[in-house]
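Novice: For reference, the sequence and a predicted model appear below.
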Amino acid sequence: MAENTHEAWITGIGIVSSLGEGLDAHWQALNTGKPQPDVSTHAPYIVHQLAPIDLDKQIPKKGDQRQMEGWQRTGTYAAGLALESAGIKGNTELLARTDMIVAAGGGERDVAVDGAIMTGLAKAENPDVFLNERLMSDLRPTLFLAQLSNLLAGNISIVHGVTGSSRTFMGEEAAGIDAVRIALSRIEAGQSDIALVGGSYNADRLDLLMLYEFGGYNLKGEFKPIWERGAKAGLAPGSMGAFLVIESRKHAEARGAKRLARLSATLSDRANRQQPGQSELALARMWDKVAGRLTPGQHAVISGACGAEPATSEERNFFAKHPELAVRATGSHIGHSFESQFLMNVALAALAVSRGSLFPPCDSSGVERPMQGPLTQAVVTGVGHWRGEGLALVEAAN
């Protein structure tokens, strides 16, 4: 039987979050099992703030840094780390044919300007004239362009020289799932040799906290790990950037690249959640498609559960029917980042299988249990806080 030279290898990983920068920092923090979210800056809301990073390392021009918003700087930085990890940063010829797939939200509001306009509007003699004047003079010229998620891809192209084809996905958690799915599909079909795939999210935003509070999604008050939240359900946003370099086996071997892990499958679904239990059924459908590939005793689940209900309870119900699984909800450690959550979890799954072990449980609910023996496969789950489900299978290199 001929070897599949179009199988997809993960050859580069760039991650930043509240746990730090890079694979070693994340592995060390995950193994401590002690999340340290920020419970005071935006109290009563809980946010996992981005750890300090030196932007100059990956975005050397101050002008480039200034024209980006927080989510763009984080994503561009993580993309640089991924290119370094894969050994292709600065390789002009290779970057010119590296495809790029980005999952991201819209631009960031200028909360100070919004507040000033709203305050002045209430006192203005002619509100319509006042509003038009303020919109013309107070909003920065790039504000409306900043609403475009493809600006992140554009900044990565400018800073790092990635100039192959470019695709951008919006749509919260489902965007990240589809970014990985499309990358894998193109590589397996022979339509792409190498791709930079990722996303980023800035959780330190009052406008987003307000929007998610309107939906009743925010975790407030006391912090608890994902599976322990119960009646105090809610999500804690997390700032992060996650990028992967994914390439065909043939391409990676030709350039002597090291394989960190293999991306074997990515599935997506969008259950009709008007009826209870549909997310659980969607997970079951996707699980059935990869279950036959799993080695007993050597696989675990890296869960993207966010803490919001009823999505988290439905995912928990699915795991209850598979008590043999060792499950880890990374949201307890790094918070929830919507578009980039699935991408980060694929990265952490690749990290875990490359180390051959699973990091310890983070809660006392019983959902997460210790795992004995080697880890060779990780199933990544993603259940959106209000729509979208996905699953990926990541396998060890050997």
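Specialist: Everything's here; your move. Treat the numbers as computed from the prediction; the structure is a model and nothing was measured.
Novice: low-confidence ranges in the stretch 101-250 of the chain?
Specialist: Applying pLDDT under 70 to the stretch 101-250 of the chain flags the ranges 140-147.
Novice: What ranges does it have for its strands?
Specialist: Using DSSP state E, counting those that start in this stretch, the strands of the stretch 101-250 of the chain run over 166-169, 194-201, 240-248.
Novice: Okay, now the sheet partners of the last one, with direction.
Specialist: This means strand 240-248. In the sheet containing strand 240-248, the strands it pairs with under DSSP bridges are strand 8-17 (antiparallel), strand 194-201 (antiparallel).
Novice: Tabulate the strands of the stretch 101-250 of the chain (TSV), appending distance to Thr376 and mean neighbour count.
Specialist: In this view, the C-beta of every residue, glycine as well, is placed from N, C-alpha and C. What follows is these, written out as TSV (distance: least, Cβ to Cβ, whole Å; neighbours: other Cβ atoms under 10 Å):
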stretch	distance to Thr376	mean neighbour count
strand 166-169	30	19
strand 194-201	23	30
strand 240-248	19	30
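Novice: I'd like to know which of the strands paired with strand 240-248 lies nearest to Val380.
Specialist: For Val380, the closest of these is strand 8-17, at 12.0 Å, according to Cβ to Cβ.
Novice: Run the chain-centre distance for the helix or strand following the closest one.
Specialist: On the C-terminal side of strand 8-17, the nearest following helix or strand under DSSP states H and E is strand 20-21. Its chain's C-alpha centre and that of strand 20-21 lie 15 Å apart, by Cα atoms, centre = their mean, to the nearest Å.
Novice: In JSON lines: the strands of the stretch 101-250 of the chain, plus distance to Leu351.
Specialist: Formatted as JSON lines, the entries for those read as follows, by distance: least, Cβ to Cβ, whole Å:
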{"stretch": "strand 166-169", "distance to Leu351": "23"}
{"stretch": "strand 194-201", "distance to Leu351": "15"}
{"stretch": "strand 240-248", "distance to Leu351": "11"}
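Novice: Which one, of those strands, ends up nearest to Glu69?
Specialist: Taking these one by one with Cβ to Cβ, strand 194-201 is closest: 10.2 Å.
Novice: Closest to the centroid, which residue in this structure?
Specialist: The structure's the chain has its C-alpha centroid closest to Ser340; by Cα atoms, centre = their mean the separation is 2.2 Å.
Novice: which residues touch Ile59?
Specialist: Applying Cβ atoms under 8 Å, 6 or more residues apart in numbering, one finds that Ile59 lies in contact with Gln65, Met68, Arg73, Thr76, Tyr77, Gly80, Val159.
Novice: Next, work out how far apart it and His160 are.
Specialist: When Cβ to Cβ, to the nearest Å is the yardstick, Ile59 and His160 sit 9 Å from each other.
Novice: any residues in contact with both of those two?
Specialist: Residues within reach of Ile59 and of His160 at once, by Cβ under 8 Å, 6+ apart, are Thr76, Gly80.
Novice: Can you pick out the ones from the contacts of Ile59 that are in helices?
Specialist: Gln65, Arg73, Thr76, Tyr77, Gly80, Val159 (DSSP state H).
Novice: residues of stretch 211-231 that come out buried?
Specialist: Applying a neighbour-count criterion of 16 or more other Cβ atoms under 10 Å, the buried positions in stretch 211-231 are Tyr212, Tyr217, Asn218, Leu219, Phe223, Lys224, Pro225, Ile226, Trp227, Glu228, Arg229.
Novice: let me redo that: stretch 360-379
Specialist: Of the residues in stretch 360-379, those buried under the neighbour-count criterion (16+ other Cβ under 10 Å) are Pro361, Cys362, Asp363, Ser365, Val367, Glu368, Met371, Leu375, Thr376, Gln377, Ala378, Val379.
Novice: Looking at those residues, which is nearest Met286?
Specialist: Distance to Met286, by Cβ to Cβ, is smallest for Val379 among the buried residues of stretch 360-379, at 9.2 Å.
Novice: Give me the phi and psi for Leu219.
Specialist: As for Leu219, its main-chain torsions (degrees, to the nearest 10) stand at phi -80, psi 130.
Novice: From Ala203, how far off is Trp27?
Specialist: Trp27 sits at a distance of 22 Å from Ala203 (criterion: Cβ to Cβ).
Novice: what do you get for Phe243?
Specialist: Using Cβ to Cβ, Phe243 is found at 18 Å from Ala203.
Novice: neighbour count winner among Trp27 and Ala203?
Specialist: The residue with more neighbours, out of Trp27 and Ala203 and counting by other Cβ atoms under 10 Å, is Ala203; that gives 28 against 18.
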